[in-house]
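# just coords:
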């Protein structure tokens with residue numbers, strides 16, 4: 001029995017009438033104890049000991065063709081079982097939701113680190129040794145391009161992403177104040193704690209893949225497409241995922257390689273990427289070059305916004321970093337111009353990573369707004385307040401909800417913004433120059449189609465089943481909270497089963513849509529079960545109160561376990577509808593940061609951060625705050641440390657490990673406070689919630705670099721703001 005909803009109209013606040021009281025509460029992640037005690041088995045840890053081990057062999061040129069591999073010598077090495085060179089594994093990682101698996105062609109090499117073979121052996125050590133010593137001969141192409149700013153790079157201009165409204169040139173010329181500045185951001189890696197790993201085995205014509213993935217209903221199709229089999233012959237398992245941040249949205253090469261090897265050998269094969277392989281072979285975020293133009297009158301009211309972007313990807317890839325996503329709707333301004341160019345480079349495939357678009361686009365936009373505020377002599381918070389649009393500034397669409405002004409004012413008050421000295425370089429503590437800065441936060445809200453099954457057992461326990469994944473965001477807990485709230489049962493009576501394509505297909509973990517989409521499917525299934533309970537009592541569902549295993553109808557209490565004579569099962573199914581066309585849905589926030597910059601070395605230390613956010617109903621306050629804290633910490637990395645360095649001679653990544661690719665660690669992270677404003681958005685989904693995961697990232701880094709300017713007077717437009725970039729422009733103070 002299916003409860004289906006297509007989002008074509010606003011939804012009433014049904015959860016407000018529930019009595020269990022567990023929605024929104026700060027509930028610890030229920031799988032947490034399993035993870036910290038090592039009982040949660042990840043993809044590299046499952047198996048019964050009979051599996052062979054594969055190690056990827058990867059290209060050591062930027063562009064060309066494999067002409068030969070000395071397989072005979074490698075096959076003679078101890079323990080080596082097979083060398084897989086099937087062209088089906090010569091592929092880029094799939095972008096999330098791809099459904100298909102891109103294939104490069106027979107032995108074509110498009111980037112340094114691309115898989116070209118798989119060595120399979122009895123042990124990891126044997127496979128690694130053989131892969132490191134295999135002899136490969138290449139035909140090298142001389143026209144490889146590995147630098148975003150190389151003028152010879154082929155550049156594409158997608159027509160749909162070139163927008164001009166009004167006359168930005170005249171607006172800039174007529175402006176009382178204007179900014180025309182270029183910002184650059186480097187390539188980045190998701191750097192999830194768990195490396196990409198897959199274990200594959202075959203049962204007849206069916207393949208089972210235990211992997212670390214985010215969106216199983218798509219990953220199933222991608223694997224089927226790679227292998228040339230029907231998706232019905234593929235089962236994907238991913239019950240525990242140790243972080244993804246976009247790098248595991250689509251299928252990566254190790255999964256296809258494991259499946260091909262398992263088929264050839266007739267036994268399970270496990271392939272685990274090393275950390276350098278994760279960096280060089282999975283998704284990177286594209287480096288960007290962004291030109292921001294802002295024009296304003298004497299009151300600081302924007303008359304024009306221009307956002308021109310240059311990003312990169314491999315030839316043939318459709319994804320490109322959508323840097324202007326927030327620029328389209330965040331601030332008013334009659335004259336608007338956007339250009340988007342894609343340079344085709346021979347570097348690791350670029351894809352979604354940690355708030356694609358806003359994460360890097362808002363670094364430039366919010367820096368430019370700070371520059372405009374300084375030039376106009378207007379407080380940065382006040383400048384933003386004066387430019388909040390009443391409707392979408394390009395198409396006139398109304399917002400489903402909009403709390404940016406309240407986020408800005410609440411944050412300013414809590415942070416002590418009124419104590420900020422607006423004159424750069426005037427606050428000092430010994431060698432340390434002190435400054436504070438701020439930035440807006442924004443992230444579009446998305447609903448994706450999702451299904452989930454809920455079984456209410458006759459003993460008044462619940463089982464929730466969906467192929468949704470939990471990548472450390474709290475899915476196991478949040479889905480249990482929704483089911484428990486709707487059906488009046490405590491969390492200890494609820495089992496949530498995730499990460500199995502035998503279960504109903506969910507929205508997957510990505511784009512901050514997971515909890516809202518799949519949670520809504522659980523909500524709808526439970527709503528159907530409440531209707532069946534009402535039918536058992538001959539009552540109206542609206543009159544029911546279900547709490548602590550008791551059903552109250554007409555002031556009469558019934559024990560749920562006594563009322564049920566059989567298991568009741570329902571499937572919830574939600575999909576987007578016309579509401580996404582009728583209103584602009586987004587989440588908003590404001591970041592505030594205080595930094596200390598050494599006048600001697602140029603080192604920046606973040607001393608405190610505050611984020612104030614508005615994201616509809618918060619389903620679990622603890623996990624939501626945790627996600628925002630994580631996003632703000634990424635803001636520290638984006639502002640100060642994170643940068644993939646490519647050697648332009650061949651495109652290889654110089655810092656392909658966590659020793660040299662610097663994500664923030666404990667000593668880099670100060671006191672962080674995150675606050676949620678009370679909000680409901682009836683246009684978003686039946687629970688009136690919105691996505692949280694990527695909102696905390698968007699704009700966070702810009703607040704830090706704006707604080708560096710307030711501390712020192714130095715504008716760093718080339719991210720990250722490493723000490724050498726700050727030091728060279730420090731005034732003699």
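Cool, the structure landed. Only a predicted model underlies this, so the values are computations on that prediction, with no experimental measurement involved. Residues are numbered from 1 along each chain as shown.

# check contacts around residue 117.
Contact partners of residue 117, counting by Cβ atoms under 8 Å, 6 or more residues apart in numbering, are 56, 57, 69, 83, 84, 85, 134, 136. Quick note: C-beta positions are derived from backbone N, CA and C, even for glycine.

# Mind listing what's buried along stretch 571-587?
571-576, 579-580, 582-587 (16 or more other Cβ atoms under 10 Å).

# Reformat the residues you listed as JSON lines; add pLDDT and distance to residue 550.
What follows is these, written out as JSON lines (pLDDT from 0 to 100; distance: Cβ to Cβ, whole Å):
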{"residue": "571", "pLDDT": "98", "distance to residue 550": "26"}
{"residue": "572", "pLDDT": "98", "distance to residue 550": "24"}
{"residue": "573", "pLDDT": "98", "distance to residue 550": "29"}
{"residue": "574", "pLDDT": "98", "distance to residue 550": "29"}
{"residue": "575", "pLDDT": "97", "distance to residue 550": "34"}
{"residue": "576", "pLDDT": "96", "distance to residue 550": "36"}
{"residue": "579", "pLDDT": "94", "distance to residue 550": "35"}
{"residue": "580", "pLDDT": "88", "distance to residue 550": "39"}
{"residue": "582", "pLDDT": "95", "distance to residue 550": "40"}
{"residue": "583", "pLDDT": "97", "distance to residue 550": "39"}
{"residue": "584", "pLDDT": "97", "distance to residue 550": "43"}
{"residue": "585", "pLDDT": "97", "distance to residue 550": "37"}
{"residue": "586", "pLDDT": "98", "distance to residue 550": "40"}
{"residue": "587", "pLDDT": "98", "distance to residue 550": "37"}
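
# on that earlier part again, between all of the contacts of residue 117, which two are at the greatest distance?
Comparing all pairs in these by Cβ to Cβ, the longest separation belongs to 84 and 136, at 14.0 Å.

# Of the two, give the one with the bigger neighbour count.
Higher neighbour count among residue 84 and residue 136: residue 84, with 24 against 17, using other Cβ atoms under 10 Å.

# Not counting its neighbours along the chain, what's nearest the more buried one?
residue 118 (4.1 Å; Cβ to Cβ, 6 or more residues apart in numbering).

# Now do the same for that neighbour: helix, strand or coil?
Following DSSP: H, G, I helix; E, B strand; the rest coil, we place residue 118 in the strand state.

# how deep is it tucked in, by neighbour count?
When counting by other Cβ under 10 Å, one arrives at 27 neighbours for residue 118.

# from memory it sits against residue 80, does it?
No. Counting by Cβ atoms under 8 Å, residue 118 stays clear of residue 80, with 11.3 Å between them.

# Tell me how far the closest residue to residue 557 other than its chain neighbours lies from residue 569.
In space, and not counting its chain neighbours, residue 557 is closest to residue 550: 5.2 Å by Cβ to Cβ, 6+ apart. Using Cβ to Cβ, to the nearest Å, we find residue 550 at a distance of 22 Å from residue 569.

# Assign a three-state SS to residue 423, would you?
Assigned with three-state DSSP, residue 423 falls in the coil class.

# For it, give me its contacts.
Contacts of residue 423 by Cβ under 8 Å, 6+ apart: none found.

# what does residue 78 give?
Counting by Cβ under 8 Å, 6+ apart, residue 78 touches residue 126.

# so it sits in a helix?
No. Looking at residue 78 with three-state DSSP, it is coil, so not inside a helix.

# So what does it have for phi and psi?
Backbone torsions for residue 78, taken as degrees, to the nearest 10, come to phi -60, psi 130.

# thought residue 239 was touching residue 500?
Yes. With contact defined as Cβ under 8 Å, residue 239 reaches residue 500; the gap is 7.1 Å.

# my guess is residue 349 contacts residue 312, does it?
No. In this structure residue 349 lies outside contact range of residue 312 using Cβ under 8 Å: 10.3 Å.

# Looking only at neighbour counts, state which of those two leads.
Higher neighbour count among residue 349 and residue 312: residue 312, with 29 against 24, using other Cβ under 10 Å.

# Okay, and that one sits in which element?
Per DSSP states H and E: residue 312 is located in strand 302-313.

# Average the pLDDT values over the helix or strand that comes right after that strand and round to the nearest integer.
Using DSSP H and E, the helix or strand that follows strand 302-313 towards the C-terminus is strand 335-344. The pLDDT scores in strand 335-344 average 98.

# For strand 335-344, which strands pair with it and how are they oriented?
Within its sheet, strand 335-344 is paired with strand 155-156 (antiparallel), strand 163-165 (antiparallel), strand 302-313 (parallel), according to DSSP bridges.

# Touching the second one from outside, list them.
Residues outside strand 163-165 that contact it (Cβ under 8 Å, 6+ apart) are 334, 335, 336, 337, 338, 394.

# Residue 308 is in contact with the third one, correct?
When you say that, I think you mean residue 336. No. In this structure, residue 336 is not within contact of residue 308 by Cβ under 8 Å, at 11.8 Å.

# Which one's more surrounded, these two?
Set residue 336 next to residue 308 and count neighbours by other Cβ under 10 Å: residue 336 wins out with 23 against 18.

# List the residues that contact the more buried one.
Counting by Cβ under 8 Å, 6+ apart, residue 336 touches 163, 164, 165, 166, 168, 304, 305, 306, 393, 394.

# and what of residue 619?
Residue 619 makes contacts with 23, 24, 478, 481, 482, 515, 519, 687, 689, as judged by Cβ under 8 Å, 6+ apart.

# Grab the nearest non-local neighbour of it.
residue 478 is the one closest to residue 619 (Cβ to Cβ, 6+ apart), at 5.1 Å.

# Likewise for residue 248?
residue 214 (4.6 Å).

# Leaving out sequence neighbours, find the closest residue to the residue most central in space within the chain.
Centroid-nearest residue in the chain, with Cα atoms, centre = their mean: residue 354, separated by 3.7 Å. Spatial nearest neighbour of residue 354, excluding adjacent residues (Cβ to Cβ, 6+ apart): residue 245 at 4.8 Å.

# Thank you, goodbye.
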